[in-house]
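**Student:** Here is the input, now give the coordinates:
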Amino acid sequence: MDFATAVKTCLSKYVDFSGRARRSEYWYFFLFGVLAGIVARVLDALLGTDFEDTSTGAIDVLVSLALFLPSIAVGARRLHDTGRTGWWQLLWFIPIIGWIVLIVWYCTDTKPGDNQYGPNPKHQQDLGAYPPPPAAPYGSGQYGA
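**Tutor:** Residues are numbered from 1 along each chain as shown. I've put the predicted structure just below:
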């Protein structure tokens, strides 16, 4: 899954906590959130909408609020993909140890086969859920060519 598809999927499943999400979907949306936050902070600084004595502003707050629920939803779907319930996200409230555990789980590969949360998203290409990766052009150096 590429960056644009991941962002579109996560925003279209705004508060959908059911199903599964691949690693690429989660991490691309995470990257999108970081980039959106940076752009929002720059806009706050340029437009003068930043709050005094803080590093945030009105636009940053609005962007954070807009991306809060989709971030939790894709996190729950990512944990579903590893065979865990989305409630494990509450580990974010346990400093350091909880964070490390969640990051490891978010980086864990998809559990093979279907689970109680739905079919394996890696094998949904036939159903049109995720587009297949583009083929490497001939002579691109891949596979020793």
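**Student:** State the distance from Asp44 to Val61.
**Tutor:** The spacing between Asp44 and Val61, counted by Cβ to Cβ, to the nearest Å, is 9 Å. For the C-beta atoms, the positions are set from N, CA and C on the backbone; glycine is no exception.
**Student:** actually Thr9, sorry about that
**Tutor:** Taken as Cβ to Cβ, the span from Thr9 to Val61 is 25 Å.
**Student:** Likewise for Glu25?
**Tutor:** Applying Cβ to Cβ to Glu25 and Val61 gives a distance of 26 Å.
**Student:** and those two? which has more neighbours close in?
**Tutor:** Glu25 (23 against 14; other Cβ atoms under 10 Å).
**Student:** Give me the spatial nearest neighbour of Ala21, chain neighbours excluded.
**Tutor:** Arg77 (3.7 Å; Cβ to Cβ, 6 or more residues apart in numbering).
**Student:** Excluding covalently adjacent residues, which one is nearest to the residue most central in space within the chain?
**Tutor:** The geometric centre of the chain, computed from its C-alpha atoms, lies nearest to Tyr26 (Cα atoms, centre = their mean), at 2.4 Å. Spatially, and ignoring its direct neighbours in sequence, Tyr26 is nearest to Arg78 (4.1 Å; Cβ to Cβ, 6+ apart).
**Student:** Fine by me, we can end here.
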